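Novice: What shape does this take:
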Amino acid sequence: MKTVFSFTILMLIFFRLHAQTLEIPRIISVSVDTITGYPIVNWTINEPEEADGFIVKKLIVGGQGVISGTFNNIAVVSDNSVFSYLDDKESFGTKAEPQNRKEFYSISSYKTDESGHQRLSLMSEAVSSQTLSGDFDYCTNTFNFQFSANQESGAKIMHYCLRTGFPFSKRLLITKDTVCSFQFTDYQEIRNFAIETVYSDNSSSFSPIITVKSQETKIPQTLEISSVSVNDDEKLEIKYSISEGSSAEKLFLHRNSKTLGEETAFEISPKSGVVVDTNAVVSEVYDYSLKALNSCNVPIKESEVQNNVVLNVVQSSFGNSNILTWNPLNNFQPLEIEKTEIYRSQDGSDLQYADYVTYYYTEYNESLSNIIASSELHKGNFCYKIKILKKNQDDFVFSNLACIDLETVIYIPNALNPKSLNYDNREFKPKADFLEDYKLVVYDKKGEEVFFSDEILKGWDGYNRQGKLCVPDTYIYQISFKNSSGKIIHKNGVVNLVY
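Specialist: Below is the predicted model:
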């Protein structure tokens with residue numbers, strides 16, 4: 001038994017020494033042909049003239065007639081000046097699939113002597129094809145890649161290049177890592193990629209070409225707030241529109257208080273519609289804007305800012321007019337406004353159309369002269385609302401309801417002449433409005449009451465209670481009334497009776 005074992009060892013040593021008389025080739029690279037997609041094995045040998053050719057060996061997995069996972073001869077290259085082989089044939093029932101797995105190769109040189117015996121060199125070190133995988137991250141709009149490192153064989157690996165656009169490929173980036181990422185500024189649904197390994201001798205090899213499908217973020221073409229208006233419930237109503245078919249999964253309405261500088265955001269439907277901001281105070285100016293987000297919560301578009309219109313009303317210092325002022329609309333040129341209509345309510349009545357101003361006004365002065373001069377006594381409560389109409393659109397904007405309780409307006413003359421040719425001078429009759437519970441009492445110098453009235457239109461005509469014309473003299477009056485705030489006011493003075 002020992003003799004047989006020793007003989008076997010000696011034979012192995014003999015054949016090994018005999019084989020080593022032939023030079024072992026060295027695989028430079030296993031590249032993937034960018035046209036056919038099959039592996040190309042490239043090798044070199046120092047003295048090719050010493051060999052008749054080369055034998056290409058491949059690791060067969062799942063093949064027919066061989067032990068799976070063993071190296072087997074797949075090709076004979078009978079030309080010692082050829083140093084590459086395209087593995088596009090089916091060997092042992094299998095074809096190369098470098099896009100799905102690593103393909104391992106080894107090379108032996110061979111020599112046929114005069115007697116026809118073939119001598120083989122030892123197998124070269126096995127070298128595999130490169131693997132590449134990639135995917136698209138929609139949330140970051142990034143292509144991410146992982147690939148296997150190539151083996152250095154003689155020439156040093158300088159770097160790897162990510163390439164795309166085969167067959168007319170271009171380099172995207174250079175990396176020394178086996179992980180890389182890239183973003184494109186333009187959109188293509190499907191792109192192809194490969195990794196190029198660049199060696200120090202300026203040669204290169206390629207990984208398989210893979211295709212990666214991306215997903216486009218579709219920006220809404222339209223995202224705008226068309227109006228911020230006060231509705232019938234005195235709530236701010238925001239009308240907005242957003243294009244259909246975009247990548248907007250969420251839509252947020254942002255409200256910024258110009259007075260307080262506080263910003264609030266709340267989610268609304270990502271479809272065109274109307275939303276009511278129940279928490280807004282209609283007498284405060286807000287800036288509203290929209291922000292659309294995709295499924296990754298990444299903002300993809302923001303709208304322009306639009307604001308509400310706040311109306312304010314004050315009584316003029318002369319007391320005979322109300323001054324209305326309001327803020328302009330954002331992002332609207334004056335020429336885009338057709339007109340601003342003024343609506344007024346008096347002493348609790350319904351709003352009625354009162355007047356209008358042209359596009360460039362944000363102020364209106366309403367004279368109260370006609371109201372004061374009328375025969376009716378008013379309580380002094382005025383409410384206003386404005387309606388801004390846009391040109392060439394059906395859109396309009398209502399302001400808040402701005403109300404004011406006017407201070408009493410009263411003008412007291414200082415004389416009367418019952419015989420005057422001017423009818424207005426024949427009575428002592430104050431002109432007043434915006435008051436209640438009016439009373440007028442006139443006394444002579446003795447303190448006797450000569451006249452009383454609780455009607456604003458009924459004045460003293462110079463006659464006493466007995467119907468006799470009083471003598472020309474100075475008389476004392478007392479006027480009392482309740483103003484618009486409910487406070488009782490007393491006014492005393494003198495009036496001259498002349499004729």
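Novice: and the next element down the chain from the helix or strand bottoming out on mean pLDDT in the chain?
Specialist: Every helix and strand in the chain was compared by mean pLDDT, DSSP states H and E; the lowest is helix 2-19, with a mean of 42. Using DSSP states H and E, the helix or strand that directly follows helix 2-19 along the chain is strand 26-32.
Novice: Pull out the buried residues from that next one.
Specialist: Neighbour counts over strand 26-32 (16 or more other Cβ atoms under 10 Å) mark Ile27, Ile28, Ser29, Val30, Ser31, Val32 as buried. For glycine as for every other residue, the C-beta is placed from the backbone atoms N, C-alpha and C.
Novice: how near is the last one to Phe166?
Specialist: Here the distance between Val32 and Phe166 works out to 11 Å (Cβ to Cβ, to the nearest Å).
Novice: For this structure, which segments are assigned as helices?
Specialist: 2-19, 369-373 (DSSP state H).
Novice: What is the last one packed up against?
Specialist: To tie it back to what came earlier, the one meant is helix 369-373. strand 431-433 (3 or more Cβ pairs under 8 Å, 6 or more residues apart in numbering; DSSP states H and E).
Novice: Remind me what the strand it packs on packs against, helices and strands.
Specialist: helix 369-373, strand 409-411.
Novice: now that strand, how far from the chain's geometric center?
Specialist: How far strand 431-433 lies from its chain's middle: 58 Å, per Cα atoms, centre = their mean, to the nearest Å.
Novice: Run me through the strand neighbours of that strand, direction for each.
Specialist: Strand 431-433 has the following strand partners under DSSP bridges: strand 409-411 (antiparallel).
Novice: And the strand it pairs with, what's buried?
Specialist: Residues Val409, Ile410 are the ones in strand 409-411 that count as buried (16+ other Cβ under 10 Å).
Novice: ok now that strand, how far from the chain's centre?
Specialist: Per Cα atoms, centre = their mean, the centroid offset for strand 409-411 relative to its chain is 57 Å.
Novice: just stretch 41-49 next, same as before
Specialist: The answer for stretch 41-49 is 62 Å, by Cα atoms, centre = their mean.
Novice: cool, stretch 52-63 as well?
Specialist: With Cα atoms, centre = their mean, you get 59 Å for stretch 52-63.
Novice: Stretch 55-72 too?
Specialist: 58 Å.
Novice: what does stretch 83-96 give?
Specialist: Offset of stretch 83-96 from its chain centre (Cα atoms, centre = their mean): 54 Å.
Novice: Tell me how the protein divides into domains.
Specialist: Using automatic domain parsing, the domain parsing of the chain gives 2-128, 132-213, 223-307, 311-405, 409-497.
Novice: any chance of the helices and strands packed on strand 431-433 in TSV, with mean pLDDT and distance to Ser128 too?
Specialist: Below are the helices and strands packed on strand 431-433 laid out as TSV (pLDDT from 0 to 100; distance: least, Cβ to Cβ, whole Å):
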stretch	mean pLDDT	distance to Ser128
helix 369-373	77	98
strand 409-411	84	101
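Novice: JSON lines please, covering these and showing distance to Leu260.
Specialist: Formatted as JSON lines, the helices and strands packed on strand 431-433 follow (distance: least, Cβ to Cβ, whole Å):
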{"stretch": "helix 369-373", "distance to Leu260": "37"}
{"stretch": "strand 409-411", "distance to Leu260": "36"}
